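Engineer: here's my sequence, what's the structure:
(chains A and B)
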2 protein chains.
Amino acid sequence: MKLFRTLIPLREARSIVLRHVGRVGVEEVSFDLAAGRILAEDIVAEMDSPPFNRAAMDGYAVKAEDTLGAAPDKPLVLHRHEPCSGSEPESEELPEGEYIPIQTGMPMPRGSNAVLMLEYGKERDSKLEVFKPVTPGKNVAFKGEDVRRGDIVLNEGRLLRAADIGLLASIGRRHVKVRKKGAIGILSTGDELYDPKVNGSSGGAIADVNSYILAALMSTIAKPSRMGIVSDNYDALKAAIVSCIANCDAILVSGGSSVGKRDFIGDVVADLGEMLFHGVAIRPGEPTGFGIIDEKPIFCLPGYPVSMIAAFEMLVRPFLEAMHGLKEAMMRQVFAVVAKKMPSAVGRTDFVRVRLSHDEHDGEYYVEPIRVSGSGILSSVTSSDGFVIIEENREGIEEGERIVVNLW
Amino acid sequence: MKLFRTLIPLREARSIVLRHVGRVGVEEVSFDLAAGRILAEDIVAEMDSPPFNRAAMDGYAVKAEDTLGAAPDKPLVLHRHEPCSGSEPESEELPEGEYIPIQTGMPMPRGSNAVLMLEYGKERDSKLEVFKPVTPGKNVAFKGEDVRRGDIVLNEGRLLRAADIGLLASIGRRHVKVRKKGAIGILSTGDELYDPKVNGSSGGAIADVNSYILAALMSTIAKPSRMGIVSDNYDALKAAIVSCIANCDAILVSGGSSVGKRDFIGDVVADLGEMLFHGVAIRPGEPTGFGIIDEKPIFCLPGYPVSMIAAFEMLVRPFLEAMHGLKEAMMRQVFAVVAKKMPSAVGRTDFVRVRLSHDEHDGEYYVEPIRVSGSGILSSVTSSDGFVIIEENREGIEEGERIVVNLW
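Structural biologist: Numbers count the residues shown, from 1 in each chain, chains lettered A, B, ... in the order given. You can find the predicted model right below:
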């Protein structure tokens, strides 16, 4: 049996991984299908929004000057403007002393410069009593107020959300360039594994949960493909990887990445390409490796589900985000006060599953580690709210410290 | 033109809405398709996990007692156990003074009670030098340690995430009951609207962005159906709503919910069923209404996109979460310190779009409102990180206060 000679720090492992990111291609999709996708171009407004001055309230379009001096006990009277039949409101000029009823969103008639709210007027027989003066520009949404033609309104690398879809539509963008979803192959290795979707459990066998977890972890950003279970056998593993490489942009292999004698993955990667590291000073997740075959990245992840999740969050997710050109940090973090010391060791990065609680009284979140006896305890993940990464130069985190918690 | 006679507080509006929630039905899906769905049953473990005691490390299965007293300069020697050919490891009993090499995840041989890590032994010629003692149970994952048969491992109402999918697989659940996605009809009203997916802009016309924003806001929890644009006309609106009611579990209508003379939605709802409120003391979003037609809820949302988003987050999202039985709060919030006063008025709930910044020095998030001149400014949403709700009994939030920020 061989041992990991050296464990490299997480920082170094991450920088090696990020040096080998191949950016995925770009595709054009209809704006309404772009939510959740990563933008692959700067979006420049091709027109002003609003495209014209428009009413921001229901009421009466007026010349503000005509309302000067109006008061509840001393209303001023304006006359309803009757447009020439057949002409558009925009082509008319509102004369002095007149008004036009207007609804939110409608273009302001030429010559008007404010909207008197319904509450402050009383209309009868084409006459309007005005109870309050308005200032010029009152209740008007001005041309280009939201977005000005030529402005960059959304930056490349943004993860598009619901309001962005509306913004794209409002500035006339019907198609938008987004990153393609990378094809990520998933292999599980181990003679002891069975596919829980296909078979029930039988004595001694273990459900391959890893490939399902990986697929679910990646589903929003990439296009995961479960490529099956491979037995602990050099030739079988080699054949599976060769076929996977041909069809995917990157591969994740879980299991078989430890140092037992059945663990061929390191040898296979080294024989087909190059193993860049194997063994990272993180806990759990130590037996994580990374290599390149035919210019395609391959991650060797631990077989234990929790270790695999830890390695995924610390190394694979940053890789996938870079691969898809994500530039804006996902806001999936809260700051919280440590309620119970989290021990760690210098020289190792710890991945600690934690629970958050919120103290109504002082408005703080408090965080404490979930007690676990082993890294195989998947319920330690499902019962946690998120995780904390303890940097390798820290001996642990003391009670009372304020730290970042990453939410699931 | 009519006015809203009374605005009801948000609290009251929300309680009326929640009293009229009809829970959606349940469907059974394969565990691997359940991520992102809401669980509709308690999940009880039908078997222990792990299903047997197994090695938690690669190394040597031993009797811990046999390693007592071992030290680097005074190793003890154990002999490799040779199983009778053809017999399973479980059927063998490890005799005193012997060891069996073992890999992570493999069943512990009977009679063994600990795993000596590779680092602490040196194997040669079927003999093992032991450099360190192990205690009983060391590096063993015990049967039922993760989940014990009969435990509730996931509660009804949980939004299922990646690790949960693994947990379901590991306890042998191949199918799981989740909430069906409610069919939510979306209508946009307004003569001035055009469908930006179908046509380009033309003078005076406004892109219907609302139906696309609503569809994107709901897409993860429900099944939105865009039912088109309806003109400002009582009969057209009535026909559209009747047809929508027949095909949907609930309806969202945007636009036409203000008090201008073109706004027929309140009348249509009152004539077909009952309008329960129309006008809520929130800003933006005041003209929001809610009614029931044929026992189906109908929301009348403002036409201005930002007002509509505000009303959606404050009233429709809680409705959808209750409709789908979501019980665990989504952790989409951070606590932050107010960096700039946010004014408000007593008697009105304010929906303030905000930007967050993180101070590396003191580890705090700081939050400040985005300056806006009108509620139509969609870019005020896209350029914000989230929103703050200022309760109706507050005159505003002072600088330095610590508040909850809801992230998009």
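Engineer: wait, A:Gln333 sits on A:Val404?
Structural biologist: Yes. A:Gln333 lies in contact with A:Val404 (CB atoms under 8 Å); the separation is 5.2 Å. Glycine gets a C-beta too; all of them are placed from N, C-alpha and C.
Engineer: the more surrounded of the two?
Structural biologist: Between A:Gln333 and A:Val404, A:Gln333 has the larger neighbour count (other CB atoms under 10 Å in any protein chain shown), namely 17 against 14.
Engineer: which residues touch the more buried one?
Structural biologist: The contact partners of A:Gln333, taken as CB atoms under 8 Å, 6 or more residues apart in numbering or on different chains, are A:404-407, B:334.
Engineer: which two among these are spaced furthest apart?
Structural biologist: Greatest spacing in the contacts of A:Gln333, by CB to CB: A:Asn406 and B:Val334 (12.3 Å).
Engineer: compare the two (neighbour count), which wins?
Structural biologist: The neighbour comparison of A:Asn406 against B:Val334 (other CB under 10 Å) goes to B:Val334, with 24 against 17.
Engineer: what's the average pLDDT for the host helix or strand of that one?
Structural biologist: Assigned by DSSP states H and E, B:Val334 belongs to strand B:333-338. Across strand B:333-338, the average pLDDT comes to 83.
Engineer: confidence-wise, which helix or strand of chain A is lowest on average?
Structural biologist: helix A:379-382 (a mean of 69; mean pLDDT, DSSP states H and E).
Engineer: what's the following helix or strand after that helix?
Structural biologist: That would be, after helix A:379-382 and using DSSP H and E, strand A:386-390.
Engineer: name the helices or strands packed onto the lengthiest strand in chain A?
Structural biologist: If you go by DSSP state E, chain A has its longest strand at strand A:349-359. Counting contacts by 3 or more CB pairs under 8 Å, 6 or more residues apart in numbering or on different chains; DSSP states H and E, strand A:349-359 packs against strand A:282-283, strand A:364-369, strand A:386-390.
Engineer: next structured bit after the shortest one?
Structural biologist: Going down the chain from strand A:282-283, the next helix or strand is strand A:289-293, by DSSP H and E.
Engineer: alpha carbons of stretch A:45-53, as CSV, please.
Structural biologist: Output in CSV follows, covering the C-alpha atoms of stretch A:45-53 (Å, rounded to 0.1, in the frame of the first residue of the first chain):
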residue,chain,number,x,y,z
ALA,A,45,-29.1,49.5,-23.9
GLU,A,46,-30.1,50.2,-27.5
MET,A,47,-32.8,52.5,-26.5
ASP,A,48,-33.8,54.7,-23.6
SER,A,49,-36.1,53.3,-20.9
PRO,A,50,-38.7,54.6,-20.6
PRO,A,51,-38.6,55.3,-24.3
PHE,A,52,-40.5,58.6,-23.8
ASN,A,53,-41.7,60.8,-20.9
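Engineer: buried set for it?
Structural biologist: Using 16 or more other CB atoms under 10 Å in any protein chain shown as the test for burial, stretch A:45-53 gives A:45, A:47-53.
Engineer: same question for that stretch, mean pLDDT?
Structural biologist: Rounded to a whole number, the mean pLDDT of stretch A:45-53 is 82.
Engineer: hmm, that stretch in reach of chain B?
Structural biologist: Yes. Applying CB under 8 Å from any CB of the partner chain, one finds that stretch A:45-53 is in contact with chain B at A:47, A:49-52.
Engineer: cool, stretch A:174-188 as well?
Structural biologist: Yes. Against chain B, stretch A:174-188 shows contacts by CB under 8 Å from any CB at A:Arg174.
Engineer: now the terminal residues of that stretch, how far apart.
Structural biologist: Across its full length, stretch A:174-188 reaches 41 Å between end residues, using CA to CA, to the nearest Å.
Engineer: quick one: buried residues of that stretch?
Structural biologist: Under the neighbour-count criterion of 16+ other CB under 10 Å, stretch A:174-188 has A:174, A:176-188 buried.
Engineer: show the average pLDDT along that stretch.
Structural biologist: Across stretch A:174-188, pLDDT averages out at 96.
Engineer: what of stretch A:401-408?
Structural biologist: 82.
Engineer: from the rest of the structure, what touches it?
Structural biologist: Under the criterion CB under 8 Å, 6+ apart, residues A:313, A:332-338, A:354, A:356, A:365, A:367, A:381, A:384-389, A:397, B:161-163, B:331, B:363-364 lie in contact with stretch A:401-408.
Engineer: cutoff 6 Å now
Structural biologist: Contact partners of stretch A:401-408, identified using CB atoms under 6 Å, 6 or more residues apart in numbering or on different chains, comprise A:332-338, A:367, A:386-388, A:397, B:161, B:331, B:363.
Engineer: and the residues you listed, which two are the farthest apart?
Structural biologist: The most distant members of the contacts of stretch A:401-408, if one measures by CB to CB, are B:Arg161 and B:Gly363, lying 26.8 Å apart.
Engineer: the two - which one has more neighbours?
Structural biologist: Higher neighbour count among B:Arg161 and B:Gly363: B:Arg161, with 18 against 14, using other CB under 10 Å.
Engineer: for the more buried one, give me its contacts.
Structural biologist: Going by CB under 6 Å, 6+ apart, B:Arg161 touches A:Trp408.
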